[in-house]
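Enquirer: Quick one, what's the 3D model for this:
(one chain, ligands or ions: 2)
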Amino acid sequence: MKILLYNPDNGVTRNFMPHLWMFLLQSLTPKEHEVILIDGNARAMNEAELVRFCKDENIELVGIGAMTRMIARAYKFADAFREAGIKVVMGGPHVTECADEALGRDGGPRHADAVALGEADETWALIVEDAAKGELKEIYQPEVDAKGNDKKPSLQPYPHIPWETLDLDQFSLVPTFMRGLLSKMGDGWGKFFVVPIETGRGCPYGCEFCTVTGFFGDSIRFRTNESVVEELLRLKARARKEKGQIAVFFIDDNLAINIKRVKSLLKDIIAAGAQLPWVAQISANLLKDEELVDLIAESGGKWIFIGMESIDPANMADVNKNFSRPGDYQAVLDRLAKRHIYAITSFIFGMDNDTVGVADRTLEQVNSWQPGLPVFGQLTPFPATPLYTRLEKSGRLHRPKHWLEFAPFVMAHNPLKMTVEEARKETIHAWSLSYSPERNAEAINTISDAPIGYRIGHLIARFFFRGIYFPQMNKRAWIKLLMQNRRTIFALSKEGYSTYRSSKRKHKVKFADAS
Ligand code: B12
Ligand code: SF4
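Expert: Numbers count the residues shown, from 1 in each chain. Ligands and ions are numbered 1, 2, ... in the order given. Got it, this is the predicted structure:
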């Protein structure tokens, strides 16, 4: 049987990091079946095109995964496949929490023939076999333990994802029109991939807005260090062979949740020479450990994603995230910057203690810290979170099924001290000021003592991060962005070129001395 695994696009950015679930399920598919992957973020197709593709390829089963934010799009695609007579199974965090919605048992239309609840590592093979026999059931659920909780995959052993041979071209971050030019630079930048790797699952912290503790559970499971190191070595070999760049996103919700384990993993990466540039999510409270931050730097860590959420401790208490203290943020960022590691700082607006002006107050703080990549969202009640339950009980949810009428940056409940429209404006304001050409120039100036390569990387990262909010899906949008930032680009290119020339000269002198 031929299977398509499909992830709908997020409507903002085009090619970004691929979704791990697709590669994982592909690896877990019994060998007699063939699996094709399409990520709508990288390979844009509308419903009719995808249905035609499935018909041409004789696809008999489509597996769709989506976050809540993309679920309305996912349902549209699922409906089109089912209309064409192709079976659809859906999985992921949203349908796990809203299985009745996907199966049309809540009075709405049906979108999926089957849903996979929770982690599907151990149910996927069965789903495929049942589909091949024409006996697909409606619900697949992991086995449960004596207390009725899902038995979670141990991640030991962990499936082999053949990164070294997979066709990753659709995920290169370098826009097609820039590939030729960039492939000639240094070690080769014609291809640049960010590859997702997990080293563990689960988070015990239980922040009120987050689905992770509910979905993956509060007990954490880790892969072995050997299996992670082996995967990194294969990726490193591929980057070298293809003269491209590969960076890794360790997608664990909190890479340092167990400090002893993460230190041992990073030491093993260093010992094996398996370093690749990497990004990971780590909460601020765990970044006080100097040895850990040293190991992060030595093992290739470049960017740390920190869920700062708010600079107001009252808000942090409201969402059960008191363990992360706004007063500590500056010291944490300084500690990272000393090793040329910078932070992706994530903030949420529309919290219950937020008032108009929250964006300016937050930016005042952010701009006084080491420059990073700030991102801004709004407090969103995802299904089955404690936040959803609290707002629903208090009658504050005015769009209880907000995902079915998805509107970016329009809140689904009324914050206590501002309106929904005010929260939207604060969010736009924060994004606009954080990635304006002036702010980009200022941020680059603040790190003028950092190596030139690092500063160029920082500017490029700023261009991509801007794209999380402002659509940057075509050549025109990119050219406009480059023109707006031409002064900073020119200054960095000039310095980069003279550094390159003088390093070449030094190299020649050294060579002459030696001969
Ligand atoms: C990496 C990541 C991202 C990446 C992008 C995704 C990518 N390319 O990988 C980035 C950083 C961009 C991102 C952004 C956002 N993210 Co995010 N992200 C994650 C993260 C940390 C890891 C995802 C992952 O790969 N997990 C590991 C895999 C193995 O797990 P999985 O995807 O759940 O898949 C398993 C099962 O769900 C199931 N499954 C999944 N799909 C399918 C499909 C089929 C057919 C089947 C059978 C089974 C199945 O099988 C898999 C194996 O067991 C998760 C948290 C987490 N730990 O999962 C949050 C998470 C998915 N993100 C979340 C959110 C909210 C967001 C944002 C909306 C945040 C924001 N406010 O901006 C944005 C959306 C951005 C956008 N416009 O697309 C929420 C989603 C909640 C929800 N109900 O939708 C999560 C769960 C985190 C949270 N705090 O609750 N994210
Ligand atoms: S620390 Fe992160 S992953 Fe864990 S519950 Fe809080 S927001 Fe979710």
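
Enquirer: What residues are bridge-paired with residue 281?
Expert: Here residue 281 sits in beta bridges with residue 305, as judged by DSSP bridges.

Enquirer: Just to check, it is in contact with residue 303?
Expert: No: the pair residue 281 / residue 303 is not scored as a contact, 10.1 Å apart, by Cβ atoms under 8 Å. Any C-beta I mention is one placed from the backbone N, CA and C, and that applies to glycine too.

Enquirer: Could you give the number of residues near residue 465?
Expert: 18 (other Cβ atoms under 10 Å).

Enquirer: OK, contacts around the residue of the stretch 151-300 of the chain found nearest ligand 1?
Expert: Proximity of the stretch 151-300 of the chain to ligand 1 (Cβ to the nearest ligand atom) peaks at residue 211, 3.6 Å away. Residue 211 makes contact with 93, 97, 382, 383, 384, 385 under the criterion Cβ atoms under 8 Å, 6 or more residues apart in numbering.

Enquirer: any idea which element residue 443 lies in?
Expert: Per DSSP states H and E, residue 443 falls inside helix 437-446.

Enquirer: Tell me, how many residues neighbour residue 139?
Expert: The burial count for residue 139: 12, using other Cβ under 10 Å.

Enquirer: Residues in a beta bridge with it, which ones?
Expert: residue 115.

Enquirer: cool, and the one 5 residues further on?
Expert: In this structure, residue 144 has beta-bridge partners residue 150, where bridges are defined by DSSP bridges.

Enquirer: distance of it from residue 413?
Expert: Per Cβ to Cβ, to the nearest Å, residue 144 is found 33 Å from residue 413.

Enquirer: Around ligand 1, which positions in the stretch 301-450 of the chain sit nearby?
Expert: Counting by Cβ under 6 Å from any ligand atom, the stretch 301-450 of the chain comes close to ligand 1 at 377, 382.

Enquirer: can you tell me the residue of the stretch 301-450 of the chain closest to ligand 1?
Expert: Checked against ligand 1 (Cβ to the nearest ligand atom), the nearest residue in the stretch 301-450 of the chain is residue 377, 3.3 Å away.

Enquirer: how many other residues sit next to the closest residue to ligand 2 within the stretch 401-515 of the chain?
Expert: Distances between the stretch 401-515 of the chain and ligand 2 by Cβ to the nearest ligand atom are smallest at residue 468, namely 17.9 Å. Close neighbours of residue 468, defined as other Cβ under 10 Å, add up to 18.

Enquirer: got the contact list for the nearest residue to it once chain neighbours are set aside?
Expert: Once flanking residues are discounted, residue 468 sits nearest to residue 375: 6.0 Å by Cβ to Cβ, 6 or more residues apart in numbering. The contact partners of residue 375, by Cβ under 8 Å, 6+ apart, come to 344, 345, 346, 347, 465, 468.

Enquirer: What residues are recorded as beta-bridge partners of residue 375?
Expert: residue 346.

Enquirer: That one and residue 266: what is the separation?
Expert: 25 Å.

Enquirer: same question, residue 42
Expert: Distance from residue 42 to residue 266, counting by Cβ to Cβ: 30 Å.

Enquirer: Looking at these two, which is more packed in?
Expert: Using other Cβ under 10 Å as the criterion, residue 42 and residue 266 rank with residue 266 on top: 25 against 21.

Enquirer: What helices and strands are in contact with the helix or strand where the more buried one lies?
Expert: In this assignment (DSSP H and E), residue 266 forms part of helix 259-271. Contact analysis of helix 259-271 by 3 or more Cβ pairs under 8 Å, 6 or more residues apart in numbering; DSSP states H and E lists helix 225-242, helix 290-298 as its packing neighbours.

Enquirer: Give me the contact list for the shortest one.
Expert: Helix 290-298 is contacted by residues 256, 259, 262-263, 266-267, 270, 275, 286-287, 304, 335-336, 339-341 when judged by Cβ under 8 Å, 6+ apart.

Enquirer: report the angle between the axes of it and helix 259-271?
Expert: 30 degrees (axes from the mean of the first three to the mean of the last three Cα atoms, to 10 degrees).

Enquirer: State the mean pLDDT of helix 290-298.
Expert: In this model, helix 290-298 has a mean pLDDT of 98.

Enquirer: Pull out the buried positions in it.
Expert: In terms of neighbour count (16 or more other Cβ atoms under 10 Å), helix 290-298 has its buried residues at 292, 293, 295, 296, 297.

Enquirer: Among those, find me the one that's closest to ligand 2.
Expert: Checking the buried residues of helix 290-298 against ligand 2 by Cβ to the nearest ligand atom gives residue 292 as the nearest, at 16.6 Å.

Enquirer: Any part of stretch 341-354 near ligand 2?
Expert: No: judged by Cβ under 6 Å from any ligand atom, stretch 341-354 stays clear of ligand 2, getting no closer than 9.4 Å.

Enquirer: What mean pLDDT does that stretch get?
Expert: Averaged across stretch 341-354, the pLDDT comes to 96.

Enquirer: and the end-to-end length of that stretch?
Expert: One end of stretch 341-354 sits 30 Å from the other (Cα to Cα, to the nearest Å).

Enquirer: Distance from the chain centre to that stretch, please.
Expert: How far stretch 341-354 lies from its chain's middle: 16 Å, per Cα atoms, centre = their mean, to the nearest Å.

Enquirer: same question, stretch 368-383
Expert: Stretch 368-383 has its C-alpha centroid displaced from the chain centroid by 13 Å (Cα atoms, centre = their mean).

Enquirer: Next, work out how far apart the closest residue to ligand 2 within the stretch 251-400 of the chain and residue 281 are.
Expert: Residue of the stretch 251-400 of the chain nearest ligand 2, by Cβ to the nearest ligand atom: residue 253 (3.4 Å). Note on residue 253: its distance to residue 281, by Cβ to Cβ, is 6 Å.

Enquirer: ditto for residue 44
Expert: Using Cβ to Cβ, residue 44 is found at 28 Å from residue 281.

Enquirer: quick one, strands of the stretch 251-400 of the chain?
Expert: Along the stretch 251-400 of the chain, the stretches classed as strands by DSSP state E, counting those that start in this stretch are 278-281, 301-309, 342-349, 373-378.
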